[in-house]
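Student: please find the sequence and the predicted model below.
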Amino acid sequence: MFLFQTMLLAGFFLFGLNSQAAYQTPVISIDSSVSGNEAIPFLYHAQGDTDSPKVILLGGGPGFSSWNLEPIQQQIAKMGYRVLLTDMLGIGENHQIQPQNILHSWVEQINQILSNELKKDESAILVGHSWGALMAMLYAKAHNDKVSKLILLNPVDPHKASMQQLTEQINQRNNQFVEQDWNSEENWNNEVDNINQDIEHLTLRQIQQVLPTYFMDYDLGTQYAKQFTVRDFDIELNIKAWKEYDHKPLEYHEINGFSQPISFIDCHQDYLMPYNLNAMQKKMTFSNVTLIDQCGHFPWIEQPKDFYHALEKDLRSNF
């Protein structure tokens, strides 16, 4: 029971939100070569001038669409950057490509996008939210020469110390608002194939009842959760990706081998705080740490002014 419960609940705080239900920024199609010999097109979205410094925005999940991060993409573009955003393979616009080695495929998908965008000797800033912070570090490990800086937003720490109490914290807060036995064996199972109820109903219920708990303002979280559908989340992909990561997690000695600056932005009231920051600061050094007050896991929604000020500072800083 624990594995499915933890992985599923974790998925719901690892993505962002906005009022749109589809991408609005310009789309680019390139052929994927990461899942086999046959080249299958996948899509990504770019905002900003092609001559501007490049930023790739990596969203949460795993197993979520990324259209909901467009407000961040658009704000960074207004700061003078070209910002790239994509649904990872197997999800949303790119559901037609089902990756076998999931994390490797996603790393190489990011690399294809950057190879298509970067000029000779140019590198990109990686901005990753929650699970996306882990993806940013996985990419920097594999293709370090294409990275100029990492900005981690509400990150999951590499050894997941911040997730040890996650399920209990969600249950406690959820019980304040919703009558639901989240620990019942009828509501949770350990294997995707053994779920004895309609998967779409389960997914939608989790979006509507768990996601709002990641906001300080529960009512605000409830309203934003209504904008998502079962098409925004793939439970099986979520669990498989976490299992792959757990099999070979990032190690701190690998991260400490990066020459690029790494900054940290989070909220005091985030479920992950202070566990993620404490765990990471014991093993690595941040170029800058910014903590925002009066917000949960979505600072650009609950405290947009403070969030974008902190983000722009880290983007422009030479550290």
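Tutor: Great, that's in hand.
Student: contact partners for residue 34?
Tutor: Counting by Cβ atoms under 8 Å, 6 or more residues apart in numbering, residue 34 touches 89, 99, 104, 105, 108, 109, 112. For the C-beta atoms, the positions are set from N, CA and C on the backbone; glycine is no exception.
Student: now the last one: how far from residue 52?
Tutor: Going back to what we said before, that points to residue 112. For residue 112, the distance to residue 52 (Cβ to Cβ, to the nearest Å) stands at 20 Å.
Student: more neighbours, these two?
Tutor: Comparing residue 112 with residue 52 by other Cβ atoms under 10 Å, the one with more neighbours is residue 112, at 18 against 14.
Student: helix or strand for that one, which one?
Tutor: Using DSSP states H and E, the element containing residue 112 is helix 102-117.
Student: which other residues reach that helix?
Tutor: Contacts for helix 102-117 (Cβ under 8 Å, 6+ apart): 28, 30, 32-35, 42, 44, 46, 50, 54, 56, 58, 62, 82, 84, 86, 88-90, 99, 124, 135, 138-139, 142-143, 146, 237, 240-241, 244-245.
Student: report pLDDT for residue 43.
Tutor: Listed pLDDT for residue 43 reads 97.
Student: returning to what we had before: list only buried entries from the contacts of residue 34.
Tutor: Taking 16 or more other Cβ atoms under 10 Å as the criterion, what is buried in the contacts of residue 34 is 89, 99, 105, 108, 109, 112.
Student: ok, the last one to residue 249 distance?
Tutor: When distance is defined by Cβ to Cβ, residue 112 is 24 Å away from residue 249.
Student: do the same with the fifth one
Tutor: Applying Cβ to Cβ, the value for residue 109 to residue 249 is 20 Å.
Student: and the first one, by the same measure?
Tutor: Noted for residue 89: a distance of 21 Å to residue 249, by Cβ to Cβ.
Student: and if you look at residue 103?
Tutor: Distance from residue 103 to residue 249, counting by Cβ to Cβ: 11 Å.
Student: pick out whichever of the two has more residues nearby.
Tutor: Taking other Cβ under 10 Å, residue 103 and residue 249 do not tie; residue 103 has more neighbours (21 against 13).
Student: centroid residue for this protein?
Tutor: Centroid-nearest residue in the chain: residue 60, 1.7 Å away (criterion: Cα atoms, centre = their mean).
Student: from what I see, residue 39 and residue 31 are in contact.
Tutor: Yes: Residue 39 is within contact range of residue 31, at 3.7 Å (criterion: Cβ atoms under 8 Å).
Student: give me the number of residues near residue 293?
Tutor: Residue 293, neighbours per other Cβ under 10 Å, totals 11.
Student: for it, which non-adjacent residue is spatially closest?
Tutor: Closest residue to residue 293 apart from its sequence neighbours, by Cβ to Cβ, 6 or more residues apart in numbering: residue 268 at 5.2 Å.
Student: check contacts around that neighbour.
Tutor: Contact analysis of residue 268 by Cβ under 8 Å, 6+ apart lists 291, 292, 293, 294, 295.
Student: that one and residue 215: what is the separation?
Tutor: Distance from residue 268 to residue 215, by Cβ to Cβ: 14 Å.
Student: okay, the spatially closest residue to residue 98 that is not a sequence neighbour: pLDDT?
Tutor: Closest residue in space to residue 98, ignoring its immediate chain neighbours: residue 90 at 5.2 Å, by Cβ to Cβ, 6+ apart. Here, the pLDDT recorded for residue 90 equals 94.
Student: just give the number of residues close to residue 90.
Tutor: Around residue 90 there are 23 other residues, counting by other Cβ under 10 Å.
Student: wouldn't it be in contact with residue 240 here?
Tutor: No: here residue 90 lies out of contact with residue 240, judged by Cβ under 8 Å, at a distance of 9.3 Å.
Student: pull the contacting residues for residue 203.
Tutor: With contacts defined as Cβ under 8 Å, 6+ apart, the neighbours of residue 203 are 230, 233, 235.
Student: which of the helices or strands spans it?
Tutor: Assigned by DSSP H and E, residue 203 belongs to helix 199-209.
Student: returning to what we had before: can you tell me the element the residue nearest to residue 98 falls in?
Tutor: Per DSSP H and E, there is no helix or strand for residue 90.
Student: residue 263 now?
Tutor: strand 262-267.
Student: and the strands in the stretch 51-200 of the chain?
Tutor: For the stretch 51-200 of the chain, the strands defined by DSSP state E, counting those that start in this stretch occupy 54-58, 82-85, 124-129, 147-153.
Student: quick one, which of those strands is nearest to residue 208?
Tutor: Among the strands of the stretch 51-200 of the chain, strand 124-129 comes nearest to residue 208, with 21.2 Å by Cβ to Cβ.
Student: give the buried residues for that closest one.
Tutor: Using 16+ other Cβ under 10 Å as the test for burial, strand 124-129 gives 124, 125, 126, 127, 128, 129.
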